[in-house]
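> Pasted the sequence and its predicted model underneath.
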Amino acid sequence: MLKAGYAQEVITPPTGVGLAGYFNERPNTGMYDDLLVKVVALEIDGKRTALVTLELCSITKVMFDAIKSRVDREFGEGLYENLLICATHTHTGPKYLNKPQQENEVTQYAFDMTVESVVRALKRSFMNLLPAELEAAKVFNNPYGFVRRYWMTSGDIVTNPGWRNPGIDKPECDYDRTINIVAVRQCGRIAALICNIANHGDTIGGNLVSADWYGRFTQEIQHELKCSLPVLVLDDASGNINHFDFRQEINQTGYHEAVRVGRGYARIVLDALPALEPVAAEDLRIKNTTVTIPHRKLTDAEVAEAQHILDTVPDIKKEGDFESQDLANKVPAALRYFAKRALDCKAKSTPSHDCRLTAIEIGKDLAFISLPGEPFNGISEAIRKASPYKYTFVAELAQSPSGYVPMKECFARGGYEVQPGIDTVAP
């Protein structure tokens with residue numbers, strides 16, 4: 001028998017905690033909306049698992065380790081290995097260092113509060129287990145996502161080349177527009193939704209905390225269905241996908257964009273609900289493995305080029321948000337930032353790092369697959385093509401930290417995502 005339970009906790013940081021996602025420091029000055037940790041727990045014939053989403057840009061190794069320690073203490077060893085824990089990738093969530101101690105008392109409080117909130121949500125979700133049924137649907141429709149790497153007429157690849165840039169030729173590739181949906185049905189109603197959508201959570205900018213479009217997506221579904229049902233978003237592989245449509249010269253940054261994109265995705269999911277079909281949940285299988293990811297090694301020529309940039313490009317401070325498109329625009333601060341990263345790559349990188357991969361398989365038709373870091377969408381697409389499951393959910397930023405994981409052919413082409421840094425992925 002399948003049982004399901006749900007819980008959530010607020011993990012909004014106090015004012016002053018820095019925000020993650022950009023290269024400049026951004027102490028938050030308030031919030032648009034709360035950040036949450038959400039848990040959907042499942043039990044089949046006594047075997048338990050849970051999907052855990054944190055509305056953060058990413059999860060550090062130190063935070064994963066802290067969560068494991070608390071879960072082991074609260075539930076005993078073994079449960080943590082059955083969980084799939086991931087970040088949504090909001091760029092207006094708190095920035096936590098990958099260190100045992102955070103940079104100040106208020107940030108340490110927010111970090112500790114987040115870890116404890118995960119444990120509380122897990123505990124309540126298992127307390128809330130009730131008989132349930134699963135239903136699923138999928139659509140091939142993602143009009144709010146765009147490949148952000150473009151072939152230019154010069155033959156170069158540029159990430160985020162700018163609106164209506166006359167030098168744009170075409171996107172580097174296409175991507176998998178699949179949106180997967182699982183509904184948990186209890187007592188004759190939809191009690192929870194789990195959705196898998198590929199897009200960056202970077203629509204807002206600025207210094208106010210927000211869950212980004214994921215939060216507006218949830219709110220719109222709850223409004224339409226007239227109940228505060230839990231809605232989880234597992235961010236599909238989107239290292240090379242964002243919401244910017246460079247064909248249009250319009251303002252695509254701000255809270256209004258989070259609302260537009262979130263409501264748009266909600267409409268797609270709501271329209272797909274009549275197509276939900278039963279998914280047999282006769283058994284639960286959980287598989288874990290570890291992969292070793294090698295790190296980038298720079299040539300002497302690459303190091304010399306980075307040093308030349310630092311020697312010749314003026315040190316001019318960048319005002320306002322400092323983002324990836326500043327590299328495309330050859331902003332001096334961006335050129336120097338990435339040159340310093342290259343030298344750090346040479347001087348400070350370790351040979352490799354290990355990442356945990358998890359597959360949660362339910363019956364014959366449903367699977368949840370984890371990926372570390374920010375993989376390019378082609379990786380997710382390849383997984384789905386090889387998967388024997390009708391509904392294959394892929395969750396990035398899950399189980400282990402990593403950086404961008406591009407397709408092999410992308411390294412030689414350039415662009416922001418393949419810039420070297422400490423412990424960045426090798427081709």
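Here it is on my side, so go on. Just so it is clear, the model here is predicted, and its values are computed rather than measured. Numbers count the residues shown, from 1 in each chain.
> Stretch 140-155: which residues count as buried?
Neighbour-count burial for stretch 140-155, counted by 16 or more other CB atoms under 10 Å, picks out 142, 144-152. C-betas here are computed from N, CA, C, even on glycine.
> Can you give me the end-to-end span of stretch 5-16?
34 Å (CA to CA, to the nearest Å).
> model confidence over it, on average?
Averaged across stretch 5-16, pLDDT comes to 98.
> So for that stretch, what gets flagged as buried?
For stretch 5-16, a neighbour-count test (16+ other CB under 10 Å) marks 5-9, 11-13 as buried.
> and of the buried residues of stretch 140-155, the nearest to A211?
Lowest distance from A211 to the buried residues of stretch 140-155 (CB to CB) belongs to Y144, with 16.1 Å.
> Test my guess that the closest one contacts A258.
No - Y144 lies out of contact with A258 (CB atoms under 8 Å); the separation is 11.1 Å.
> Could you export stretch 252-260 as CSV, CA atoms only?
Extracted C-alpha coordinates of stretch 252-260, given in CSV (Å, rounded to 0.1, in the frame of the first residue of the first chain):
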residue,chain,number,x,y,z
GLN,A,252,12.6,40.7,-18.6
THR,A,253,14.1,41.3,-15.1
GLY,A,254,12.0,42.1,-12.1
TYR,A,255,9.3,40.7,-9.9
HIS,A,256,6.8,41.1,-12.7
GLU,A,257,8.8,38.5,-14.6
ALA,A,258,8.6,36.0,-11.7
VAL,A,259,4.8,36.5,-11.8
ARG,A,260,4.5,36.2,-15.5
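> How about residues contacting that stretch?
With CB atoms under 8 Å, 6 or more residues apart in numbering as the test, stretch 252-260 has contacts from 32, 163, 203-206, 208, 210, 212-213, 215-216, 243-245, 251.
> Which members of those residues define the maximum pairwise distance?
Between any two of these, the greatest separation by CB to CB is 25.7 Å, found for W163 and G215.
> Among these two, which residue is more densely surrounded?
G215 (25 against 16; other CB atoms under 10 Å).
> in the stretch 301-427 of the chain, which spans are helices?
325-328, 332-348, 377-386 (DSSP state H, counting those that start in this stretch).
> What sits closest to E302 if chain neighbours are left out?
Nearest non-adjacent residue to E302, counting by CB to CB, 6 or more residues apart in numbering: A342, 6.4 Å away.
> got the contact list for that neighbour?
A342 neighbours (CB under 8 Å, 6+ apart): 298, 302-303, 305-306, 419-421.
> pretty sure C410 contacts V418?
Yes - shown here, C410 and V418 form a contact pair, counting by CB under 8 Å, at 6.0 Å.
> Surely L232 forms part of a helix?
No - counting by DSSP: H, G, I helix; E, B strand; the rest coil, L232 is not part of a helix but strand.
> And it, how close does it get to K47?
With distances taken as CB to CB, to the nearest Å, L232 is found 20 Å from K47.
> Identify, out of the helices of the stretch 301-427 of the chain, the most deeply packed stretch.
Burial of the helices of the stretch 301-427 of the chain is given as mean neighbour count (mean count of other CB atoms under 10 Å); helix 325-328 ranks first at a mean of 21.
> contacting residues around it?
Outside helix 325-328, the residues that reach it (CB under 8 Å, 6+ apart) are 23, 158-162, 318, 333-335, 338, 416, 419.
> Let me have those in a markdown table, adding distance to A281 as columns.
Converted to a markdown table, the contacts of helix 325-328 look like this (distance: CB to CB, whole Å):
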| residue | distance to A281 |
| --- | --- |
| F23 | 44 |
| V158 | 46 |
| T159 | 41 |
| N160 | 42 |
| P161 | 46 |
| G162 | 48 |
| K318 | 51 |
| A333 | 52 |
| A334 | 49 |
| L335 | 53 |
| F338 | 47 |
| Y416 | 41 |
| Q419 | 44 |
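> okay, those residues in CSV with distance to N82 and pLDDT next?
Shown next, in CSV, are the contacts of helix 325-328 (distance: CB to CB, whole Å; pLDDT from 0 to 100):
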residue, distance to N82, pLDDT
F23, 37, 87
V158, 42, 95
T159, 37, 95
N160, 38, 94
P161, 43, 92
G162, 45, 90
K318, 45, 76
A333, 45, 84
A334, 42, 84
L335, 46, 88
F338, 40, 89
Y416, 36, 91
Q419, 36, 92
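> quick one: which of the contacts of stretch 252-260 sit in helices?
Applying DSSP state H to the contacts of stretch 252-260, the entries found in helices are 213, 215-216.
> Out of those residues, which is nearest to T312?
In terms of CB to CB, no member of the ones in helices among the contacts of stretch 252-260 lies closer to T312 than W213, at 40.3 Å.
> ok, that closest one touching G201?
Yes - contact criterion CB under 8 Å: W213 and G201 qualify, at 6.5 Å.
> For R189, which residues are in contact?
R189 touches C227, counting by CB under 8 Å, 6+ apart.
> Looking at strand pairing, list the partners for it.
Beta bridges link R189 to Q186, judged by DSSP bridges.
> do I293 as well
Under DSSP bridges, the beta-bridge partners of I293 are H353.
> Pop out the phi and psi values for E323.
Main-chain torsions, E323, degrees, to the nearest 10: phi -130, psi 180.
> and it, what pLDDT?
pLDDT recorded at E323 is 73.
> in stretch 171-183, what counts as buried?
Across stretch 171-183, burial judged by 16+ other CB under 10 Å covers 172-173, 175-183.
> ok, now stretch 68-80?
Within stretch 68-80, the residues scored as buried using 16+ other CB under 10 Å are 68, 70-71, 75, 79-80.
> pull the CA atoms of stretch 338-352 into CSV?
Extracted C-alpha coordinates of stretch 338-352, given in CSV (Å, rounded to 0.1, in the frame of the first residue of the first chain):
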residue,chain,number,x,y,z
PHE,A,338,37.1,35.5,-14.6
ALA,A,339,40.8,36.0,-15.0
LYS,A,340,41.3,35.7,-11.3
ARG,A,341,39.1,32.6,-11.3
ALA,A,342,41.4,31.0,-13.9
LEU,A,343,44.5,31.7,-11.8
ASP,A,344,42.7,30.2,-8.8
CYS,A,345,41.8,27.2,-10.9
LYS,A,346,45.5,26.6,-11.6
ALA,A,347,46.6,27.3,-8.0
LYS,A,348,43.9,25.9,-5.8
SER,A,349,41.9,23.1,-7.6
THR,A,350,41.9,19.6,-6.3
PRO,A,351,42.1,16.7,-8.9
SER,A,352,38.4,15.7,-8.6
